[in-house]
Each structure stands twice: as C-alpha cells, then as structure tokens.
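**Q** could you look at this predicted model? Sequence included:
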Amino acid sequence: MGRAAEIEVFQTALDTVDVPFSVLYMHGPGGIGKSSLIDVLAARAEQTRAYVVRLEGRDLSLSAEAILDVLGESLDVPEGEGPISSTAGRIVLLIDSYEHLAPLDDWLRTRLLPRLPQTALTVIAGRAAPGAAWRADPAWRDLLRVVSLRNLSSEESREYLRRCGIATASHDRLIEVAHGHPLGLSLLVDVAAAGGVAFDPTPPDLVGALLRRFLDVVPDRQQRRALEVCALARVTTETLLRDALELDDAHHLFRWLRSLSFVEAGADGLFPHELARDVLDIDLRWRDPDAYKRTFRRVRAHIHRNLETAHGRAQQRAIYDEKFVFRNLPSVLAPVDWTAWGERYPEPAHAGDRFAIVDLVARYEGSESADIAAHWFDRQRDGFMVIREPDGTLRGFLALLDLTAASVPDRAADPGARAAWKRANSPGAVRAGEVVTQTRFIIDGRAYQAPSPTLNAAPVVTLQRYLRTPSLAFDFLTLADPDQWDDYFALADLPRVDGADFTVGDRRYGLFCHDFRAVPVDALLELWTERALTQDITSLPARPPDVLVLSQSDFTDAVRRALHDLHRADLLARSPLLRTRLLRERTGTTDPTAADLDAVLRDAIATLRQHPRDDKLLRAVERTYLRPAATQEAAAAALGLPFSTYRRHLSQGVARIVSWCWEREVYGAAAEHTSAPLSTI
C-alpha cells in the first residue's frame, strides 16, 4: 500500500531491455515497510518470468562464501571472479535487511554485483542510506537509484484502513495517531480488530502506546505470556514457548505469534520488530516485575540447557542467545556492541595468522607486548581464537592460556602470566589436578578493547572454556587501563586482583579473577541472573556462601574423621566437608546437612561393591564404620582375620574411599563419567 512511485520505477526497469540502472537502493527506518515492498517487487519480477533470487540479511552468515553458497543454489556461480549467470531469464536479486550485511558492503559493491549480467536488476533494502563509497565510485554513479521510503500520506493511510475493514468512523482518529507510520497503522489495525476503540491524545512514543494498548485487549493470558517470551528471547521457537510457559503443546501460541503484524519469521524462529521488542520488554518489567523475573529465568534456563548439550558453532550461538536476554537490564551495562551482537563467531587461529596477530599487538601495545604474544602463540596456539572480516582477513583475536600446562620459564617470561600464577598460588593454593587459565590478550583491530565484535566474542570463548574444564580453579582476565572495568567485573564476580597490576612497555594492565572452587560455573550463571534482575545495583543479592577449598592432606584427614564420626550427627554437622565442592555438587544445595554427608560417605563406601576383588576391603570398612565393633581388634576377630591383615584391608579401603571423594572434589561431575581416576588421565 502506498508505494506506487517505487513500484513504477522498478517496473519500468523490468520492462526495458537496456536497464536504466543496475541497483535500486531503498532505505528507511524500522517498520517503514521495506520487507512488504520487497514482496511486491518479487511478485512483479516473477510475472515477467525473471529469475528471482532473495537474500535475507538477518539470516546470512557474515562471509562472502556464505552468500556465494546461497546464490549457487539458484545460479551458475563459477569459482574465482567469473561472471554469474542463469539460463532461466533475467536475474533479479533482492537483498532485504541490508543493515545486517554492512560489513560486506565493499565486497558486494566491488566484487559480487559486477559479476552479474548487465541486464540484471538488484534491489537493496536497508535502514541506512548507501555509504559514501557508493556515491564516490564513478562506476556506480549512473547505475544506482536511491529511494528514501517515507510515511504514508493521509490518503494512502485511509485506503489501507479501508482495505483492512476498519470502520470509516474510526479512520480520522487512527490516521491522526499513526501519522502515516506503516507499522503504527498495522498495530492500530490489530488493536481495533481485538476490540480497542478509544485512544488517548497522541503520545510521544507511538509504538509503545500502541503495544501497551494491544496487550490490554489480548483476551488470552497465555497469549500475553507468549508475547513476553518472544520479547525476551533473540528468537522464539515452539520448544522455547513450551518450556518457558510450562505447556505440553505450544503450537497454537506459536501460530498466533506468527500471525501478528510486528512479529517476523527468520531461519531460527520468530522475532518481534525491534521497536516492538523493546516496548514489550519494558512494559512487562514496569507492569509486573515478578512475572518478568519468572519469564526471564525460564527463558534463560531453556537456552542454557541447549548450551550445555551443544558443541562448536551451535554452542557459541547459544551463548550469544543467553547473553542477549540480559541486554535491557540496567544492572548489567556490559561493554557490548549490541549492533554487532552474534554476527561474528570466534574460530581457532591458523599458523598463518601469526604475523597478523603479532602486528596487531605491536600496533596497540608495543613491541615488548608483541614479543610476549608471539611467545605464547608458538607454545599454545590452540588457545588463540580469531575474529575475521567477511573477506577472511583478521579483525581481532583473543589469547586463552592454560597456565597450569605452561612451563616455569614460559610463565616467568610474561609479567601478566607471572602475576596470575602468583595469585593462584597464594593462600588457598592450586591443588593437584586443578587448572588455572588466563585470557591474556583481547585486541580488536579497529577498537582495541572498546565494544566491538572481538570484545563481543570474549564471553563466548570464556564460557565455552568454563564448561569444558571441569577441574578449573581460577580464570584470569587481562585488560588494559583496568580502572574503567572495576565496577562491571565486580558485578560479574570477577573482581580485580589487589596488587596484581603489571606493566608492559608504557601500558598498565589489571587482572580480574574468578575462583570456580568457591562459586562453580552454574552457580556463577545463577548469580549473574539474580544480580541482573536486581534493578538497584547498589543493593545486590548476596554472593553464594564460599566453598571451602581444602588441601589434599586436609581433605584426606576430614574424610577419615567423618568416617570415624559416621554415627554421630552432631560431629558430622561440624565437618569441614560440608562446605566443600564435593558436598555441594552431590547434594545440589549450598547448605548441606550432616545427613547429606552421611549419604555421600555411604555412596563412597558402596563403590567398593563394584568389584569382587574389593570384597575384603568392603568387609573391613563395613565392620569398622557401618557396623562398628567395640574395637578394631574385635572387628578383626569378627572377620576372622589376623589384626595386621585387617589393618591392611581397612587402610586400602579407606584410601579408595578418600580417592573417590577427592576425584569428585577436584573434577566435579566429570568424575562420574570415567572409571579411571581423572588425575591419571
């Protein structure tokens, strides 16, 4: 409706053998009707028997190869720079949501479009006007037509309302409120069709007012809740709706969401128009904070379950999705470039990236720091993750080091690694089998450590590391000019390490650290959630009670003492084991009881029943701790064993129990999935 001039321009080009232009570039704000116009142009092109190819910018990976792969499904796309052709008629290429392809603009303008036949027509629709490079390039000056899409006129708005079946008596008021904004008119039609008829004086926030009024007349509470889920999640699927709303079947709600004027369908699911998403989110937080928190937790929990079972790129996407849920909460004003969120994925560095990485470090941090980066690249290249430009060149990188695996000279050669290792081995030192990691470098080629695609990738690669390192003790994050990061990382429970700042060249760096023995990764994510949901960031939920980190010898003594006290609940209640990772992860609570400790010890003893050869050890342990005799001599007599043999069997059995407990203390859930001691693998 209302785009007659734009359609005529396109139709004229279709009807002309020698096309007057090659690219029709349409731009306008969100909700102005670009996608609807693309639909009309596609239909017009198909009527002329042209070969129509559509590209949706939001669904494409940001790489030239991905676009060429899509085109190759419909057109003849030779390797190299050869011309693209089709035997089915004139090619009409329609590219929607072009703002999502902005990083590929140069490649599209200079490499892809020139490969199309001279008779081809390309339509680009995006929010921003074409960049200066389009206008400055003499080759495009006569081949480009630019159209700025505007609001509908009063006459066009009236005709739209008439076609939608809205009573004439309501037209003037609806037109006055919408001011010709196509999305606004569409929302008003939804409101009117659902029973809303009265409107207050024109509000400054048209879309917000319309959405709030629309929600007021949604007859079904489940539909309202489905909208709330859709506003929080990056994309909404039937599975997400089913989990978040605790339903057996969410198909009817998914179908209803898809029918709404401000909800679009993409490759991964449904998503609301950006204007609508923010207003829905703000509306629920203002109207029902408790409901908002419940919905937030359920959406995040669903995404996190997918994250834990996914791998590779799918897991990275799930991490992007999980953090996306937090985007509108004022208590987590993260250093994030939301405009580029989820568009670039980190990937392992290649050997050929060494020069570009070292050059990038030298440019921002100096030659001394560049030498350190080269040193680590040569020793732990598998920890270097890169972000690439669409043409494959290096945009930025992150270096994730395993300090435990590094040699003493390697750690000593780097002031940053040296400072982190010193902190990790201060009181509460790293125990055998535990791992210490450090994100040593984060550098974006354009923004250094400011919000950028590279900084966006930091939580992705670090959370992946957290999840695949069950014995992780400490993780350190290294950042330049650390004062600016203090508040944010304190909120994220990665506080700055006192006295650990260091300098390389002329730049000062700080270390931010999390102790995963005190707050494991799942508890950390829950902590982030609860702190984010606390709108007053000066009054944060308390940190979970710290886990007690015992040395191996102290842990062994505690297990032996607990076995001795097995029938004394009052003594078990004083055991330091109640504050260890072993008890908290086995029981799933931050406040285990004496009964929980009793149950864990009995589980440990029961493992001696798994192998017949351990029966003699089991009988010695049972007669000493489960059905204790008055003395150990009496226990040996009851078992019919010489006292020295009984003592040997008991000592071996207790050692096996201690080992079982220690493996679970250090490695957590990973210890449940292997029959061999993890410390020997």
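**A** Okay, I see it. Numbering: from 1, shown residues only.
**Q** the helix or strand hosting Ala636: what's the following helix or strand?
**A** Assigned by DSSP states H and E, Ala636 belongs to helix 632-639. The first helix or strand that comes after helix 632-639 along the chain, using DSSP H and E, is helix 643-667.
**Q** got the buried residues for that following helix?
**A** Of the residues in helix 643-667, those buried by neighbour count under the rule 16 or more other Cβ atoms under 10 Å are 646, 649-650, 652-654, 656-667. The C-beta positions use only the backbone N, C-alpha and C, and glycine is treated the same way.
**Q** that one: how far from the chain's middle?
**A** When distances are taken as Cα atoms, centre = their mean, to the nearest Å, helix 643-667 is centred 43 Å away from the chain's centroid.
**Q** could you check the angle the helix holding Ala636 makes with helix 643-667?
**A** Computed by axes from the mean of the first three to the mean of the last three Cα atoms, to 10 degrees, the angle separating helix 632-639 from helix 643-667 equals 100 degrees.
**Q** packing partners for helix 632-639?
**A** Contact partners of helix 632-639 among helices and strands, from 3 or more Cβ pairs under 8 Å, 6 or more residues apart in numbering; DSSP states H and E: helix 615-621, helix 643-667.
**Q** which of these sits closest to Leu188?
**A** With Cβ to Cβ as the measure, helix 643-667 is the member of the helices and strands packed on helix 632-639 nearest Leu188 (59.1 Å).
**Q** run a quick neighbour tally on the closest residue to Pro453 other than its chain neighbours.
**A** On the basis of Cβ to Cβ, 6 or more residues apart in numbering, the spatially nearest residue to Pro453 that is not a chain neighbour turns out to be Arg344, at 4.1 Å. Taking other Cβ atoms under 10 Å as the criterion, the count of residues near Arg344 is 26.
**Q** what's the pLDDT at Arg344?
**A** Note on Arg344: pLDDT of 88.
**Q** repeat for the one 10 residues further on
**A** The per-residue pLDDT reported for Arg354 equals 97.
**Q** ok so it is a strand residue?
**A** No. Membership of Arg354 in a strand is not supported by DSSP: H, G, I helix; E, B strand; the rest coil, which gives helix.
**Q** not counting its neighbours along the chain, what's nearest it?
**A** Closest residue in space to Arg354, ignoring its immediate chain neighbours: Phe377 at 5.5 Å, by Cβ to Cβ, 6+ apart.
**Q** poorly predicted segments of the stretch 151-300 of the chain, please.
**A** Flagging of the stretch 151-300 of the chain using pLDDT under 70 yields the residue ranges 194-219.
**Q** mind doing that once more with 50?
**A** Along the stretch 151-300 of the chain, the parts satisfying pLDDT under 50 run over 201-204.
**Q** in CSV, list the C-alpha atoms belonging to stretch 314-334.
**A** As requested, C-alpha coordinates have been extracted for stretch 314-334 and formatted as CSV (Å, rounded to 0.1, in the frame of the first residue of the first chain):
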residue,chain,number,x,y,z
ALA,A,314,25.9,-24.2,17.9
GLN,A,315,27.2,-23.7,21.4
GLN,A,316,28.6,-20.3,20.5
ARG,A,317,25.2,-19.3,19.1
ALA,A,318,23.5,-20.5,22.3
ILE,A,319,25.9,-18.4,24.4
TYR,A,320,25.1,-15.3,22.3
ASP,A,321,21.4,-16.1,22.8
GLU,A,322,21.9,-16.4,26.6
LYS,A,323,23.6,-13.1,27.0
PHE,A,324,21.1,-11.4,24.6
VAL,A,325,18.4,-12.0,27.2
PHE,A,326,20.2,-9.6,29.6
ARG,A,327,20.5,-6.7,27.1
ASN,A,328,17.9,-4.4,28.5
LEU,A,329,18.7,-4.8,32.2
PRO,A,330,20.3,-1.6,33.6
SER,A,331,22.2,-3.6,36.2
VAL,A,332,24.4,-5.3,33.5
LEU,A,333,25.6,-2.4,31.4
ALA,A,334,28.1,-4.6,29.8
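**Q** average pLDDT across it?
**A** Along stretch 314-334, the predicted local confidence has a mean pLDDT of 81.
**Q** quick one: the helices in the stretch 51-200 of the chain, in order.
**A** Listed in chain order, the helices of the stretch 51-200 of the chain (DSSP state H, counting those that start in this stretch) span 64-72, 105-107, 132-136, 138-141, 154-163, 171-178, 182-193.
**Q** adding mean neighbour count and distance to Val336, write those out as CSV.
**A** Listed next are these as CSV, based on neighbours: other Cβ atoms under 10 Å; distance: least, Cβ to Cβ, whole Å:
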stretch, mean neighbour count, distance to Val336
helix 64-72, 16, 24
helix 105-107, 16, 23
helix 132-136, 12, 27
helix 138-141, 12, 34
helix 154-163, 17, 38
helix 171-178, 18, 33
helix 182-193, 23, 26
